[in-house]
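**Student:** Sequence plus predicted model, see below.
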Amino acid sequence: MADKLLTEREAEVLTWAAHGKTSREISDILKISANTVNFHIKNVLFKLGAVNRSSAVVAAIMAGEIDVTPQWCLPIARQPVGMERLALAEA
């Protein structure tokens, strides 16, 4: 398996951004400050050479850094850790 460029937290924050969440919403979901969310986003932008969140999301998906496959498309055994938060946040 290839090494990942993003940390687990950076990937988690970017995955929520890919689902359309704002920094404030991500901070509420992850129980961290919005400043911390923005810190992770800035790190992601630098690491991926992206100019904004949208381009970072696309670059991360293309590089295999994040997977935004909807939960209902995955067999139970393949559902990523933390996806239960997505279901709860969207309810």
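**Tutor:** Yep, that arrived. Keep in mind that this is a model prediction, so the values were computed, not measured.
**Student:** any idea whether residue 17 is helix, strand or coil?
**Tutor:** Under DSSP: H, G, I helix; E, B strand; the rest coil, the three-state class of residue 17 is helix.
**Student:** didn't it look like it was pressed against residue 26?
**Tutor:** Yes - the pair residue 17 and residue 26 passes the contact test of C-beta atoms under 8 Å, sitting 6.8 Å apart. Glycine gets a C-beta too; all of them are placed from N, C-alpha and C.
**Student:** Centre-most residue in this structure?
**Tutor:** Central residue of the chain (C-alpha atoms, centre = their mean): residue 15, 1.9 Å from the mean position.
**Student:** Apart from its chain neighbours, what residue comes closest to that one?
**Tutor:** residue 66 (4.9 Å; C-beta to C-beta, 6 or more residues apart in numbering).
**Student:** who touches the one you found in this structure?
**Tutor:** By C-beta atoms under 8 Å, 6 or more residues apart in numbering, the contact set of residue 66 is 6, 11, 14, 15, 18, 57, 60.
**Student:** got the contact list for the fifth one?
**Tutor:** Read that as residue 18. By C-beta under 8 Å, 6+ apart, the residues touching residue 18 are 57, 60, 61, 66, 68.
**Student:** What sits closest to the second one if chain neighbours are left out?
**Tutor:** Spatial nearest neighbour of residue 60, chain neighbours left out: residue 66 (4.5 Å); criterion: C-beta to C-beta, 6+ apart.
**Student:** try the last one
**Tutor:** The spatially closest residue to residue 68, leaving aside those adjacent along the chain, is residue 18, at 4.7 Å (C-beta to C-beta, 6+ apart).
**Student:** How much space separates that neighbour from residue 43?
**Tutor:** 16 Å (C-beta to C-beta, to the nearest Å).
**Student:** With residue 22 instead?
**Tutor:** Residue 22 is 18 Å from residue 43, by C-beta to C-beta.
**Student:** quick revisit: so what's the residue nearest to the centre of the chain scoring on pLDDT?
**Tutor:** On the pLDDT scale, residue 15 is placed at 94.
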